[in-house]
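Q: Quick one: sequence and predicted model below, then my questions.
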There are 2 protein chains.
Amino acid sequence: MSLIVVGSMAFDAIETPFGKSDKIIGGAATYIAWSASNFYQPIKQISVVGGDFPQEELDQLEERGVELEGVQIKKNEKSFFWSGRYHLDMNTRDTLETQLNVLGTFEPVVPDSYQDAEFLMLGNLVPAVQLSVIQQLKKRPKLIVMDTMNFWMEVAMDDLKKVLKEIDVLMVNDSEARQLSGEFSLVKAARSIMKMGPRYLIIKKGEHGALLFHGNSVFFAPALPLEDVFDPTGAGDTFAGGFIGHVARTKDISFENMKSAIIVGSAMASFCVEKFGTTRLKEISRDDIENRIQQFRDLVNFDIQLA
Amino acid sequence: MSLIVVGSMAFDAIETPFGKSDKIIGGAATYIAWSASNFYQPIKQISVVGGDFPQEELDQLEERGVELEGVQIKKNEKSFFWSGRYHLDMNTRDTLETQLNVLGTFEPVVPDSYQDAEFLMLGNLVPAVQLSVIQQLKKRPKLIVMDTMNFWMEVAMDDLKKVLKEIDVLMVNDSEARQLSGEFSLVKAARSIMKMGPRYLIIKKGEHGALLFHGNSVFFAPALPLEDVFDPTGAGDTFAGGFIGHVARTKDISFENMKSAIIVGSAMASFCVEKFGTTRLKEISRDDIENRIQQFRDLVNFDIQLA
């Protein structure tokens, strides 16, 4: 019984209106693992890194209950690298440089010890890689959650649509939901996307929160109003980690429990953006998380008696 | 004991991606009165119209418990007219034409019968007119709520700042909060604006909901995810009407009750945008409103037990 996390483990270099980072540790699966491991262990990681990826980072993940048997280390190659610059609104960014490196030829291999997985979190990655992991699993997990991005809609839409048929929950942001569906209204977009495969759709709206759709039901999770969003890199992955971590811990895949999972994800994402990279995620305690979730309760709690 | 509503009563001509209206009835005070009268009567209206404003509309308002002694009718002049075109996202619009007409020389007169007002809703209007109403009241109302817009920040900022010193609750949208404060972060903007006078600040974010700030507390009300926003004209005024209507009915000006008032305002605004102008507001029943408020409860209600 476990949770498999698939995604990149990589280097980022980030510029925001508040400052500029060196080349720091990033990657979807890194953020997901740091976030989810607060709620559930072991996490069985599937990824690929180059010889330049620090052993110390791998050690820290192992200490957090993240198993690395499925992480390929290509000693003579370099890790994936992304560099980008955020605008003042933090919702838009320019990619300055992308080096695929090890990700360009990544063929995931699911170790035998991962075959008991109940939960599968497909972090943002080449859709063909996501599909390969699903196909290698002998028993379908109870819940398959997938994150993706606009880039794959542009260069690999056919593969992406194949993965969509195999999953339960899709996570995209609002502009990606519009792009994927061709609908401007998010309600119409959701209806259209749920016909492509996933029975649940989460639309992330950054500082404006997130929506969960399922059938005719909808749930809204706010984002915490923050003084400053210092660095939004990894916020979506951290959200995904909190979501799947809560679901895996409770082993409850109902719509009601997914509401809670989205709040947990939103709380985790609100920490992520407070410092560069994974810094803040490595610092926070269980009390920090409980207090933050209480802030979300206070943020939306109301009681109306009409006459 | 009553509620005074100040604002324009006017004509609009609206183009949206869904269609084009004729010259229809609009104006901040019109929307506020239609919305607030669901919760509280009598409403004591202060406005000005020309001889072209239909008697039938005035009659309908009176039937709804809206007193019109403070509405000046200038028989030989024309009512305020605005025409605009909305873009696909419905959050941005171009003004095509503005005819001030009777509003250009409007000097409000507060009738003696209005002097017992407990609540004052200053709809979006020339700041000097808003201030004049406050100054004419012999006894300060329990709560003064003010709506305004970016236009007045550009042409009448000094007057606007004078009004801010006299009020309790300010309502603006997110870009106006940024413009008024010079801060990009809405949390910082709120802190700055509350130093200008109002102890409560409501920041409206259209389809992304609304935030209520007070001291160090914040509350978030979502907007209902809608299939289509047909016509957003008047949504902010309708929100204001629901807010002040709920506060006036309950006579409770606490932060806790303002949370409920914002949900009521959001529910009313979600009706407003379903059809052109005030059409939908004139149709809805008490049951419609109660059902809509239940949808808001369902939209944000969650229950998390952490281990």
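A: Noted; the coordinates are in hand.
Q: how about residue A:48, what does it touch?
A: A:9, A:71, A:72, A:73, A:74, A:102, A:103, A:106, A:108 (C-beta atoms under 8 Å, 6 or more residues apart in numbering or on different chains). Heads up, the C-betas are built off the backbone N, CA and C, glycines and all.
Q: And it, what's its pLDDT?
A: What the model reports as pLDDT for residue A:48 is 98.
Q: Which helix or which strand is home to it?
A: Using DSSP states H and E, residue A:48 sits in strand A:43-50.
Q: Give me the distance from that strand to the chain's centre.
A: Counting by C-alpha atoms, centre = their mean, to the nearest Å, strand A:43-50 is centred 14 Å from the centre of its parent chain.
Q: So which other helices or strands are in contact with the helix or strand just after that strand?
A: Counting by DSSP H and E, the next helix or strand C-terminal to strand A:43-50 is helix A:55-63. Of the remaining helices and strands, those touching helix A:55-63 by 3 or more C-beta pairs under 8 Å, 6 or more residues apart in numbering or on different chains; DSSP states H and E are helix A:28-36, strand A:66-74.
Q: and of these, who's closest to chain B?
A: Among the helices and strands packed on helix A:55-63, helix A:28-36 comes nearest to chain B, with 14.0 Å by C-beta to the nearest C-beta.
Q: Write out the residues of the stretch 201-307 of chain A neighbouring chain B.
A: Within the stretch 201-307 of chain A, the residues that sit near chain B (C-beta under 8 Å from any C-beta of the partner chain) are A:205, A:208-209, A:211, A:217-222, A:225-228, A:246, A:249, A:256, A:259-260, A:262-264, A:286, A:289-290, A:293, A:297-304, A:306-307.
Q: now with 7 Å?
A: A:205, A:208, A:211, A:218-220, A:222, A:225-228, A:249, A:259-260, A:263-264, A:290, A:293, A:299-300, A:302-304, A:306-307 (C-beta under 7 Å from any C-beta of the partner chain).
Q: Just the buried ones from those residues, in PyMOL syntax?
A: A single PyMOL command selects the buried members of these (16 or more other C-beta atoms under 10 Å in any protein chain shown):
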select buried, chain A and resi 205+208+211+218+219+220+222+225+249+259+260+263+264+293+299+300+302+304
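Q: In helices only, show me the residues of the stretch 201-307 of chain A next to chain B.
A: Residues of these located in helices (DSSP state H): A:249, A:259, A:260, A:263, A:264, A:290, A:293, A:299, A:300.
Q: pLDDT and distance to residue B:183 added to the residues you listed, as CSV?
A: Putting those into CSV (pLDDT from 0 to 100; distance: C-beta to C-beta, whole Å) gives the following:
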residue, pLDDT, distance to residue B:183
A:249, 97, 39
A:259, 96, 32
A:260, 96, 33
A:263, 97, 27
A:264, 97, 30
A:290, 96, 30
A:293, 96, 27
A:299, 94, 20
A:300, 92, 24
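Q: now the residue of the stretch 1-150 of chain A found nearest chain B, what's its secondary structure?
A: Nearest residue of the stretch 1-150 of chain A to chain B, counting by C-beta to the nearest C-beta: residue A:88, 5.9 Å away. Look at residue A:88: counting by DSSP: H, G, I helix; E, B strand; the rest coil, its state is coil.
Q: in the stretch 101-250 of chain A, what spans have low per-residue confidence?
A: Residues of the stretch 101-250 of chain A meeting the criterion pLDDT under 70: none.
Q: which residues in it form helices?
A: Secondary structure of the stretch 101-250 of chain A by DSSP state H, counting those that start in this stretch: the helices cover A:127-136, A:150-155, A:157-164, A:174-181, A:186-194, A:235-250.
Q: Spit out the contact partners of the residue of the stretch 1-150 of chain A closest to chain B.
A: Neighbouring residues of residue A:88 by C-beta atoms under 7 Å, 6 or more residues apart in numbering or on different chains: A:17, B:184.
Q: on that earlier part again, need the winner for burial among the helices of the stretch 101-250 of chain A.
A: Highest mean neighbour count among these (mean count of other C-beta atoms under 10 Å in any protein chain shown): helix A:235-250, with a mean of 28.
Q: Can you give the contact residues for that helix?
A: With contacts defined as C-beta under 7 Å, 6+ apart, helix A:235-250 is touched by A:3, A:28, A:31-36, A:38-40, A:119, A:121, A:123, A:143, A:145, A:147, A:171, A:204, A:253, A:257, A:260-262, A:264-269, A:272-273, A:281, B:307.
Q: Buried subset of these, written for ChimeraX?
A: The buried subset of those, as determined by 16+ other C-beta under 10 Å, is captured in ChimeraX by this line:
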select /A:3,28,31,32,33,34,35,36,38,39,40,119,121,123,143,145,147,171,204,253,257,260,261,262,264,265,266,267,268,269,272,273,281
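Q: how close does residue A:42 get to residue A:116?
A: 11 Å (C-beta to C-beta, to the nearest Å).
Q: Which residues are in contact with each of the two?
A: Contacts common to residue A:42 and residue A:116, judged by C-beta under 7 Å, 6+ apart, are residue A:2.
Q: returning to what we had before: for the helices and strands packed on helix A:55-63, give me CSV that also has mean pLDDT and distance to residue B:199.
A: Listed next are these as CSV, based on pLDDT from 0 to 100; distance: least, C-beta to C-beta, whole Å:
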stretch, mean pLDDT, distance to residue B:199
helix A:28-36, 98, 38
strand A:66-74, 98, 48
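Q: Mind checking those for the one nearest to residue B:163?
A: Among these, helix A:28-36 comes nearest to residue B:163, with 46.2 Å by C-beta to C-beta.
Q: Run the chain-centre distance for stretch A:85-104.
A: With C-alpha atoms, centre = their mean, you get 16 Å for stretch A:85-104.
Q: show me what contacts whichever residue of the stretch 51-200 of chain A sits closest to chain B?
A: Scanning the stretch 51-200 of chain A for the residue nearest chain B gives residue A:187, at 4.8 Å (criterion: C-beta to the nearest C-beta). Applying C-beta under 7 Å, 6+ apart to residue A:187 gives the contacts B:225, B:226, B:227.
Q: Which pLDDT value belongs to residue A:92?
A: Residue A:92 is assigned 77 on the pLDDT scale.
Q: Which residue, neighbours along the chain excluded, lies closest to it?
A: Excluding the flanking residues, the one nearest residue A:92 by C-beta to C-beta, 6 or more residues apart in numbering or on different chains is residue A:86, at 7.5 Å.
Q: Could you do residue A:117 as well?
A: The shortest distance from residue A:117 to any non-neighbouring residue, by C-beta to C-beta, 6+ apart, is to residue A:4 (4.4 Å).
Q: can you tell me the helix or strand for that neighbour?
A: Element membership of residue A:4, judged by DSSP H and E, is strand A:2-6.
Q: I'd like to check the angle between that strand and helix A:235-250, please.
A: 170 degrees (axes from the mean of the first three to the mean of the last three C-alpha atoms, to 10 degrees).
Q: give the contact list for residue A:82.
A: With contacts taken as C-beta under 7 Å, 6+ apart, residue A:82 has the following neighbours: A:10, A:12, A:95, A:98.
Q: In three-state terms, label the last one for me.
A: Classification of residue A:98 into helix, strand or coil gives strand, according to three-state DSSP.
Q: Number of residues surrounding it?
A: If you count neighbours by other C-beta atoms under 10 Å in any protein chain shown, residue A:98 ends up with 13.
Q: Which strand residues bridge it?
A: Residue A:98 has these beta-bridge partners by DSSP bridges: residue A:82.
Q: need the residues of the stretch 1-150 of chain A near chain B, please.
A: When proximity is defined as C-beta under 7 Å from any C-beta, the stretch 1-150 of chain A approaches chain B at residue A:88.
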